[in-house]
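1. Need coordinates for the below:
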Amino acid sequence: MPTNSVLIDDRLLVAHLTGERLLTPRSRARLVTTQYWYFRACRAAVLGAAGALSGPFARLDPAHQADAITAMLRLPEDIGLPEPRSLVPVMVDMADRHPRLNLLNLEAAAWARLLDARVLLSPPAAAGVLPPALDAEGIAWTVHEPT
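-> As a prediction, the model looks like this:
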């Protein structure tokens, strides 16, 4: 994985795959996500009921909805999904320092550390327990409101 990575949460993954541009056209960064954020986004796309994650799919016309769901299930090559073998030791180390983080947040923080990635969070994720842990770890993060 390139070190110029931007780690995106599940809401921003959905936004990207339903047509929103998250990076400027001139950006050389690569979007990446986590296994758990990817799972939550897929579950919402396939099984959702127009909630925060599935709503963007429900708002698409049927043809575009089917294409977006297919893209989600196949995860396009422009979205990185790092290999997990090196992740667990970093998660364990972070769990010791940040006992309030659940598995989903530990995975995100550990990937950001391993990839030296900037984290792009939707407002609900930015209001949770992850940002203080990212700050404590010296991991850069910003908020992006999906349109």
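2. Quick one: residues in contact with the lowest-mean-pLDDT helix or strand in the chain.
-> The element with the least model confidence among the helices and strands of the chain, by mean pLDDT, DSSP states H and E, is helix 55-58, at a mean of 84. Outside helix 55-58, the residues that touch it by CB atoms under 8 Å, 6 or more residues apart in numbering are Val14, Ala15, Thr18, Ala44, Ala45, Gly48, Ala50, Gln65, Ala68, Ile69, Pro146. Placement of C-beta: from N, CA and C, glycine included.
3. Buried ones in the strand or helix carrying the fifth one, by neighbour count?
-> Going back to what we said before, that points to Ala45. In this assignment (DSSP states H and E), Ala45 forms part of helix 35-47. Neighbour-count burial for helix 35-47, counted by 16 or more other CB atoms under 10 Å, picks out Tyr36, Trp37, Tyr38, Arg40, Ala41, Cys42, Ala44, Ala45.
4. tell me which of those is nearest to Asp9?
-> Out of these, the one with the shortest distance to Asp9 is Trp37. That distance is 5.4 Å, counting by CB to CB.
5. Please name the bridge partners of Val6.
-> Val6 has the following beta-bridge partners by DSSP bridges: Leu31, Arg118.
6. tell me the pLDDT at it?
-> Predicted confidence (pLDDT) at Val6: the value is 96.
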